[in-house]
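This is a predicted model, with the sequence first.
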Amino acid sequence: MPNAPRVVILDRDGVINHDSDAYIKSLEEWIPYPSSIEAIARLSRAGWQVAIATNQSGIARGYYDEATLAKMHGELERLVAAAGGEIAHIAYCPHGPDDGCTCRKPLPGLLEEIGTALGLDSLEGSWMVGDSLRDLQAGEAMGCRSALVRTGKGNHTEAKATGLENAKVFNDLAAFADWLLDQA
């Protein structure tokens, strides 16, 4: 795909930072994988636009508010900038699974928001990197190529092995970045 946009869309919890079944409810609980911060910065420095698409139903459930989420994302942007990179856009869904929104993955609303924010007509050929099938399904709905990381829920997702036929699988975001940057 020679004319594919140079965009990598990342899920957040389990890809960039440690995940928790009890939700990441505060800045103190938001613990990034150090190799992920550097991977984002390396991709950015190499000319890739890196965006984030994250379901944050903990807001709808009342576990934390949007101001708390903004602090987490501010710290993420600060760490990536300190490593010499940039995050092009962060899209999040604050809704619960039964709210009937169009943005909660596996629906493509967050990716549509990213495409609009980046001024792109299409995300076809971009990369969607996640640790769950719903991440990859959202990307595939927009024509993205898929990469599953084994961090977070990725090992469990890989063990189920359904819906991964078109996905490349990597140990973590750093391994994906190594592979992608070697393709050029």
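Perfect, thanks for sending it.

switch to C-alpha atoms for all contacts and neighbour counts from now on
OK.

How far away from the center of its chain is the biggest strand by length in the chain?
Across the chain, the longest stretch assigned as strand under DSSP state E is strand 49-55. Going by CA atoms, centre = their mean, to the nearest Å, the spacing between the C-alpha centre of strand 49-55 and its chain's C-alpha centre is 4 Å.

So what angle separates the directions of the next helix or strand after that strand and strand 49-55?
Of the helices and strands lying after strand 49-55 in sequence (DSSP states H and E), the nearest is helix 66-82. Angle, helix 66-82 to strand 49-55, by axes from the mean of the first three to the mean of the last three CA atoms, to 10 degrees: 150 degrees.

which residues sit against whichever helix or strand comes after helix 66-82?
Scanning forward in sequence from helix 66-82 by DSSP H and E, the next helix or strand is strand 89-93. Strand 89-93 has contacts (CA atoms under 8 Å, 6 or more residues apart in numbering) with 50-57, 73, 103-104, 110-111, 113-114, 117-118.

where exactly do the strands run in the chain?
Going by DSSP E, the chain shows strands at 7-10, 49-55, 89-93, 127-130, 145-149, 167-170.

who's in contact with the last one?
Outside of strand 167-170, the residues that reach it under the criterion CA under 8 Å, 6+ apart are L136, R145, S146, A147, L148, V149, R150, F176.

Among the residues you listed, find me the one that's closest to G84.
Checking the contacts of strand 167-170 against G84 by CA to CA gives F176 as the nearest, at 18.5 Å.

Just give the closest residue to the closest one, not the sequence neighbours.
Spatially, and ignoring its direct neighbours in sequence, F176 is nearest to F170 (5.8 Å; CA to CA, 6 or more residues apart in numbering).
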